[in-house]
Structure formats: C-alpha cells, structure tokens
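Asks: Below is the structure, and that's it, no one-letter string:
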C-alpha cells in the first residue's frame, strides 16, 4: 500500500499456534521516503497483531495547508478491531 512517499505492509512473524488455518501474528512495517536527496529512508515496525488487514493509507488535510497521513487497519478475530494510526506523529524530530 503506497501513498505520497509512505508505504505500509504487513509480514507474518510466525505461527502463533499449530492449527490447520492461517494463524500467524503480523507486524506492520511503515517505510517513509526521504524528503531530500541524501537522506535515509525511515522504517518503523508496529506489532504484534493477529490476522491483520490493511484497509487504507490516506492523506487528510489539516488547517494552515498542513496534512497528515493515516493508516487504517483491522486485526483480531471476532469482533475485529479497527485502528487508525497517524504516521506524521511517528516521524522523529532531528
């Protein structure tokens, strides 16, 4: 899932129980492209979740011509939990 220099993906960290169905715990990885040449990519890991579905990665406008990126995903079994994470708040100040 990509949007304006942000990428999000989930990776199975391994099976949680030896069952005959998909039962892995997932970590969500966020990659932020550098804003200027010569800077490094930023990689963040959010985990552990069970049965993750990434729903959307979208830009939301704020006041004063600022914007925020939000990742929306679901996890768990029944009932599934829907989470939203602000990706701008994840960035470290230099």
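Replies: That came in fine, so what should we check first? Keep in mind that this is a model prediction, so the values were computed, not measured.
Asks: Strands of this structure, residue ranges please.
Replies: Using DSSP state E, the strands of the chain run over 2-3, 6-15, 24-32, 42-50, 53-61, 67-75, 81-86.
Asks: what comes up buried for the second one?
Replies: Just to be clear, that refers to strand 6-15. For strand 6-15, a neighbour-count test (16 or more other CB atoms under 10 Å) marks 6, 8, 10 as buried. C-beta: built from backbone N, CA, C; applies to glycine.
Asks: how about a markdown table for these, with pLDDT and distance to residue 57 added?
Replies: As requested, those are exported to a markdown table (pLDDT from 0 to 100; distance: CB to CB, whole Å):
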| residue | pLDDT | distance to residue 57 |
| --- | --- | --- |
| 6 | 83 | 6 |
| 8 | 86 | 5 |
| 10 | 84 | 12 |
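Asks: partners of the closest residue to residue 31 other than its chain neighbours in the sheet?
Replies: The shortest distance from residue 31 to any residue that is not its chain neighbour, by CB to CB, 6 or more residues apart in numbering, is 4.3 Å, and that residue is residue 7. Residue 7 has these beta-bridge partners by DSSP bridges: residue 2, residue 31.
Asks: tally of neighbours for residue 53?
Replies: Close neighbours of residue 53, defined as other CB atoms under 10 Å, add up to 13.
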